[in-house]
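J.: sharing a sequence plus its predicted fold:
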Amino acid sequence: MDAPTDRTVGIAASPRLAGIPDYEPGLSVADALRRFGVANAVKLASNESPYPPLPEVVAAIADASGALNRYPDGPAGALRRAIAELHGVDTEQVVIGNGSCELILYAGQALLDPGTTLVHADPSFSLYPHLAGAAGAEAIGVPLSSDGGHDLESMAAAVDERTRLVIVCNPNNPSGRYRGASEIEMLLDLVPADVAVLVDEAYFDFVSAPDRGRVMSLARDRENLLVTRTFSKAFGLCGLRIGYGVGGRSWVEAIDRVRQPFNTNALGQAAALTGLEHRGALAERIAETVRERERVAAGVALAGEPFIPSEANFILVGSSDGRSPRGDDGGALHLALLRRGVIVRDGGALGCPGHIRVSIGTPHENDAFLEALPEALDEVGRTSQEDGGQP
Ligand SMILES: Cc1ncc(COP(=O)(O)O)c(C=O)c1O
């Protein structure tokens, strides 16, 4: 019998899918070269590391590839133990994910039901409302404060008897603003002890604040807290998908219940283990990214654009609060930069219309952005604030 060819009849998917926001990926270099006819392009759009993984990590990946006919260690025992040791917790307080995104998605599956709520900041990482949509729950986005950081008191006030999960992104993507550990502790004190709190520290490695790391130490004995981190950024391993969470035992049990048995692959586990052993070698790269972040911020200020001071490996350019750009240019600045071979992220896709988010690359890539920015601003008629912001 011939296979049915009528493509107008689709499968009956769950109506919940309509509640899942679309995800718009950033442009690749190949896309930009093709669509904008430029000879070269630099990609500063996905908050990646501009550096390849350490040579020892590449060697560990090659080594592990010889045994790919075997399933990986399902719970990633060796990596769990190494992370438990690193953070001074028991292995039952550690869970490994296929990227920290997977753990965040698992948190939604494990905790949310129709009729429950998830509280997060807005704008923040676009994945969070997805969790609520997929579960038929409600996402409550609490606007950022006037400094572009989480309004933690309002987030605590948004928690009610329906709330199962509160997510704090620290530093926040896309605003880059960091909240100190004592402020996060205040939120934890305000939230009922049976409401789960997830602190997403994907950009932890780039934080310069002196209290960096203290939220992780709170995860040792706050049962309702899970702190997630990733090997995707400073370790340069986003292509392998590996991240982890540390927190309360009941948190880890809940995630382990929904986790598919072999959720992380053998190469990712080997790379992360070796990366941890050699993490001291990343210090100079991280220091360079932080220095470059400050240099890019100074260049943006010189070009007359407002921005939010960042503790991450990116900067949100366009206003000092992430919400009030000097006019929504409908993505014009993003396009003007693309035409000059610089791929940044259009804020429109991140809940920040009229802004761009620029990732910090190598000094050479950052130079390309800083050279293109004044011309691109001119092209779109955004002039310096000293001129009163009038085109
Ligand atoms: C805030 C935030 N959390 C998590 C992630 C995902 O990281 P991973 O690659 O570990 O899934 C990202 C990625 O860009 C992010 O911006």
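T.: Cool, got the structure.
J.: residue 32 looks like it's in a helix, true?
T.: Yes - judged by DSSP: H, G, I helix; E, B strand; the rest coil, residue 32 forms part of a helix.
J.: surely it and residue 340 touch.
T.: No - with contact defined as CB atoms under 8 Å, residue 32 and residue 340 do not form a contacting pair (10.4 Å). Using the backbone N, CA and C atoms, a C-beta is placed for each residue, glycine as well.
J.: between these two, which is the more surrounded one?
T.: residue 32 (23 against 18; other CB atoms under 10 Å).
J.: so for stretch 52-64, mean pLDDT?
T.: On average, the pLDDT along stretch 52-64 is 98.
J.: roughly how far out does that stretch sit from the chain middle?
T.: 24 Å (CA atoms, centre = their mean, to the nearest Å).
J.: so what touches it?
T.: 235-237, 240, 266-267, 269-271, 273-275, 277-278, 281-282 (CB atoms under 8 Å, 6 or more residues apart in numbering).
J.: keep only those of those residues that are in helices.
T.: Counting by DSSP state H, the contacts of stretch 52-64 place 266-267, 269-271, 273-275, 277 in helices.
J.: most neighbours among these, please name it.
T.: Neighbour max across these (other CB under 10 Å) = residue 271, 28 neighbours.
J.: still on that earlier bit, reformat the ones in helices among the contacts of stretch 52-64 as CSV; add distance to the ligand and pLDDT.
T.: Listed next are the ones in helices among the contacts of stretch 52-64 as CSV, based on distance: CB to the nearest ligand atom, whole Å; pLDDT from 0 to 100:
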residue, distance to the ligand, pLDDT
266, 18, 98
267, 15, 98
269, 14, 98
270, 17, 98
271, 13, 98
273, 16, 98
274, 17, 98
275, 13, 98
277, 20, 97
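J.: name the helix or strand for residue 109, please.
T.: helix 100-111 (DSSP states H and E).
J.: helices and strands around that helix, which ones?
T.: Applying 3 or more CB pairs under 8 Å, 6 or more residues apart in numbering; DSSP states H and E, we find helix 100-111 packed against strand 94-97, helix 127-135, strand 163-169, strand 196-200, strand 225-230, strand 243-247, helix 249-258.
J.: can you redo these as CSV with distance to the ligand, mean pLDDT and mean neighbour count?
T.: CSV is the format used below for these (distance: least, CB to the nearest ligand atom, whole Å; pLDDT from 0 to 100; neighbours: other CB atoms under 10 Å):
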stretch, distance to the ligand, mean pLDDT, mean neighbour count
strand 94-97, 7, 98, 26
helix 127-135, 7, 96, 22
strand 163-169, 5, 98, 25
strand 196-200, 5, 98, 27
strand 225-230, 3, 98, 26
strand 243-247, 4, 98, 27
helix 249-258, 14, 98, 17
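J.: residue 13: which of those is closest?
T.: helix 127-135 (11.6 Å; CB to CB).
J.: give the buried residues for the helix or strand that comes right after the closest one.
T.: Next along the chain after helix 127-135, taking DSSP H and E as the criterion, comes strand 138-143. By 16 or more other CB atoms under 10 Å, the buried positions in strand 138-143 come out as 138-142.
J.: run through who's touching strand 138-143.
T.: Counting by CB under 8 Å, 6+ apart, 116-124, 128-129, 131-133, 150-151, 154-155, 158, 162, 323 sit against strand 138-143.
J.: emit the ChimeraX select command for whichever of those are buried.
T.: Applying 16+ other CB under 10 Å to the contacts of strand 138-143, the buried members can be selected in ChimeraX as follows:
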select :116,117,118,119,120,121,122,123,124,128,129,131,132,133,150,151,155,158,323
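J.: which members of the contacts of strand 138-143 are positioned in helices?
T.: Checking the contacts of strand 138-143 against DSSP H, those in helices are 128-129, 131-133, 154-155.
J.: may I ask which two of these are separated the most?
T.: Longest span within those, CB to CB: 133 and 154, 22.2 Å.
J.: quick one on the thing from earlier: now the ones in helices among the contacts of strand 138-143 in TSV, with distance to residue 25?
T.: Converted to TSV, the ones in helices among the contacts of strand 138-143 look like this (distance: CB to CB, whole Å):
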residue	distance to residue 25
128	17
129	17
131	19
132	21
133	18
154	31
155	28
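J.: how about the residues of the stretch 151-300 of the chain by the ligand?
T.: Neighbours of the ligand within the stretch 151-300 of the chain, by CB under 6 Å from any ligand atom: 169, 173, 200, 202, 230, 232, 238, 243.
J.: much appreciated, bye for now.
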